[in-house]
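Enquirer: Sequence and predicted structure, then a few things I'm wondering about:
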Amino acid sequence: MANKALNLVEYQKDAEFAVFKEQLTQAFQENDQLRESLEQVNYMLQREDQGWFRFGSGELVMGMEILELHQWSREIREAMAGNPHIKQGCRLRTNFVWQRGIRYQNIDGAKKGRGANVQARIDQGKNQKNFFGHAARERREAALYSDGTYSVLGDDRDYTLQEVPIWEIWGHVANPDDQSEVWAYLRKWNHLEPGKGSIPVQQWYLTDAHPDWDKPNRPRVINYGGVNFPIDPHKTMFVGNVNGQTGWPYGVPDALSALVWARLYRDFMTSGKIMSDAMAQIAYQAASSTGAGQSSMAMKFAQPEGVGQTAVTGIADKLVPMPTAGKGYDFASGTALAAVVAAALEVSVVHLTANPGAGGSYGATATLDLPTQLAVLARRQWHIEFDTRILKWMGAKDPIVTFNSIESAADVFREVQALLLMWASGLYAADPIEKRLSELLDIIGNTVPDGVIIPNNSIEADLVTTDRTAIPNPKPGQQNGPALASAAASAKNAGNGNRTPGAGAGATGQGKTSPVGKSANANDLRTDKLANNWDGHPLQGMLMQLSDYLENEQRDKAA
């Protein structure tokens, strides 16, 4: 009996312990959930505290830290592979920036040190693959899109370039008085040795921002955290940041502000698909007028195996279609979310969603709107400055880097017209007019011809007093002579009432190019006004001289 009582007590203790254990386990689980929630809140607070003093450390963190860039870069790159709108945003920005290519001038023949030609360094296979080729330029824009930072490592011995991804950069040393001016970067990577596997390696490199990077006495060590580390003496790091602010050592990815909204838009589309499927599952509702009919479940439906199956009904009074039958989810209501993503990426929502109905039009899809053009021009200027740094390092003394125009054909035509009107006024020199025309029409290597005559200037006045026998033939490639000669013939005939083009003194006509009738005053009003306004004009004598010269030349050829 005592044993039974003891066993009962032990059983009760075991039961209480089991209950206590279960409660404790539940408490731990709740604690884990609480800790996870607190970690999320803490992460949000840390994001809000960027740029503020950290209590106890005495360190002021400005901008994004390198470890944060590693994390965001990984998330954005994953989204570029899986999220259609993040991927499309990167593709749009890359195509807009690099469309129609980039041009270098003042490169051929540039020398440096050992006398190597800069163009040969540009054309080198490794440099084309890593920097100057089209695929390399696409990767550069994609790096700015996902990392906010682009880095290349240059070898000062053979002037070859190597791309450095953001996850290989782990630290930096900046100008003590300007934290945004980085003098050196710490690179960590895994060296793959055949037969030995992966070997971790780390190395410091000077940047072209260091005041002594290109001097013979360039630093060989860098102080980081109170410890001196060796610097590779034969390589230079070139780094460019975008979307940064004053005092920030790193940039901000283009897609960072769009990533969260792109995920919300993805969730909206997913929810809409689920709702559409739910609405399509129930198309009709069976209704009965009596309680017995409702409870008897008399209505039966054949199991549908395709479209057009028959519904077998019992005592139900009617079969009512659902209000959602034949309808789909209102996906257009999510355009506002897509517009936020497009605004963050600085592209059109029509281009981003590939949907002309998303608040756009055919014209919006065919051309770039002004904000997008300005964003493209700003990014192109960034690439111009970065390429100029590389070309100067390669030995080009004064390189000129330009992009081809992204303006539409209609805008180009209008500007060409305006430039030709400016040229015809005689108030502008030939060089700037030719330069802008060549830029608009993508003409390379053109120069202003020697002896070009600027309209309405003193050269024309000097030609009026020139002996008509001294007028030379026009130079090869110069179109001024025939045009002026043709104009001279017309003006000469217009200035003389008895010499009209296409008719003799006694010919008759309709008043367009010949006099009306045979009288001495048979010219029409237009010809009379032209003759009166032309008499005494400074160009009249010059054009008459050219007309006589042309007539004599034709007469000699005929003889």
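Expert: Received it, and whenever you're ready, just let me know what you need.

Enquirer: Flag the shaky bits of the chain, pLDDT-wise.
Expert: Where the chain drops to pLDDT under 70, the residues are 1-61, 108-116, 280-328, 357-368, 457-547, 549-550, 553-554, 556-559.

Enquirer: Show me how it divides into domains.
Expert: According to automatic domain parsing, the chain comprises the domains 63-286+316-405, 409-439, 458-558.

Enquirer: Other residues contacting stretch 401-413?
Expert: With contact meaning C-beta atoms under 8 Å, 6 or more residues apart in numbering, stretch 401-413 is reached by 96, 99-105, 367-368, 373, 376-377, 380, 383-384, 387-388, 391, 415, 439-442. Any C-beta I mention is one placed from the backbone N, CA and C, and that applies to glycine too.

Enquirer: how deep is the nearest residue in space to Gly89 that is not next to it in sequence tucked in, by neighbour count?
Expert: Distance criterion C-beta to C-beta, 6 or more residues apart in numbering; nearest residue to Gly89, sequence neighbours excluded, is Leu345 at 4.0 Å. By other C-beta atoms under 10 Å, the residues close to Leu345 number 27.

Enquirer: before we move on, what about Arg218?
Expert: By the criterion of other C-beta under 10 Å, Arg218 has 15 neighbours.

Enquirer: Tell me if it really is in a helix.
Expert: No - applying DSSP: H, G, I helix; E, B strand; the rest coil, one finds Arg218 to be coil, outside a helix.

Enquirer: In space, what's closest to it - neighbours in sequence excluded?
Expert: The shortest distance from Arg218 to any non-neighbouring residue, by C-beta to C-beta, 6+ apart, is to Asp212 (5.1 Å).

Enquirer: mind checking the SS state of the one you found?
Expert: Under three-state DSSP, the three-state class of Asp212 is coil.

Enquirer: Of the contacts of stretch 401-413, grab the buried ones for ChimeraX.
Expert: Selecting only the buried entries of the contacts of stretch 401-413 in ChimeraX, with 16 or more other C-beta atoms under 10 Å as the criterion:
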select :96,102,104,367,368,376,380,383,387,388,391,415,439,440
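
Enquirer: out of the contacts of stretch 401-413, which are inside helices?
Expert: Counting by DSSP state H, the contacts of stretch 401-413 place 96, 373, 376-377, 380, 383-384, 387-388, 391, 415, 439-441 in helices.

Enquirer: Among these, give me the pair with the biggest separation.
Expert: Using C-beta to C-beta, the ones in helices among the contacts of stretch 401-413 span at most 28.9 Å, a distance reached by Leu391 and Glu415.

Enquirer: Would you map the helices across the stretch 101-250 of the chain?
Expert: Secondary structure of the stretch 101-250 of the chain, counting by DSSP state H, counting those that start in this stretch: helices at 118-123, 125-127, 134-146.

Enquirer: Now do the buried residues in the shortest one.
Expert: Right, the one you point to is helix 125-127. By neighbour count with 16+ other C-beta under 10 Å, helix 125-127 contains the buried residues Asn127.

Enquirer: same thing with stretch 163-173?
Expert: 163-169, 172-173.

Enquirer: just to revisit the earlier point, so which of the helices of the stretch 101-250 of the chain is nearest Ile400?
Expert: If you check each of the helices of the stretch 101-250 of the chain against Ile400 by C-beta to C-beta, helix 118-123 wins as the nearest, at 12.7 Å.

Enquirer: That closest one - contacts with which helices or strands?
Expert: Contact partners of helix 118-123 among helices and strands, from 3 or more C-beta pairs under 8 Å, 6 or more residues apart in numbering; DSSP states H and E: helix 370-394.

Enquirer: and the helix it packs on with helix 134-146, angle?
Expert: In terms of direction (axes from the mean of the first three to the mean of the last three C-alpha atoms, to 10 degrees), helix 370-394 departs from helix 134-146 by 120 degrees.

Enquirer: Downstream of helix 370-394, the next helix or strand is which one?
Expert: Later in the chain than helix 370-394, the nearest helix or strand by DSSP states H and E is strand 400-403.

Enquirer: Would you mark the buried spots in that next one?
Expert: Applying a neighbour-count criterion of 16+ other C-beta under 10 Å, the buried positions in strand 400-403 are 401, 403.

Enquirer: Stretch 67-75 too?
Expert: For stretch 67-75, burial by neighbour count (16+ other C-beta under 10 Å) applies to 69-70, 72-73, 75.

Enquirer: Among those residues, which one sits closest to Lys196?
Expert: Distance to Lys196, by C-beta to C-beta, is smallest for His70 among the buried residues of stretch 67-75, at 26.7 Å.

Enquirer: For that closest one, give its distance to Ile76.
Expert: 11 Å (C-beta to C-beta, to the nearest Å).

Enquirer: tell me, what's touching the two both at once?
Expert: Residues touching both His70 and Ile76 (C-beta under 8 Å, 6+ apart): there are none.

Enquirer: Can you tell me the number of residues neighbouring Asp450?
Expert: Asp450 has 8 neighbouring residues, counting by other C-beta under 10 Å.

Enquirer: which phi and psi does it have?
Expert: With angles defined as degrees, to the nearest 10, Asp450 sits at phi -70, psi 140.

Enquirer: re earlier: now tabulate the buried residues of stretch 67-75 in a markdown table and tack on distance to Asn223 and secondary structure.
Expert: Conversion of these to a markdown table gives the following (distance: C-beta to C-beta, whole Å; DSSP: H, G, I helix; E, B strand; the rest coil):
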| residue | distance to Asn223 | secondary structure |
| --- | --- | --- |
| Leu69 | 23 | helix |
| His70 | 24 | helix |
| Trp72 | 29 | helix |
| Ser73 | 28 | helix |
| Glu75 | 34 | helix |
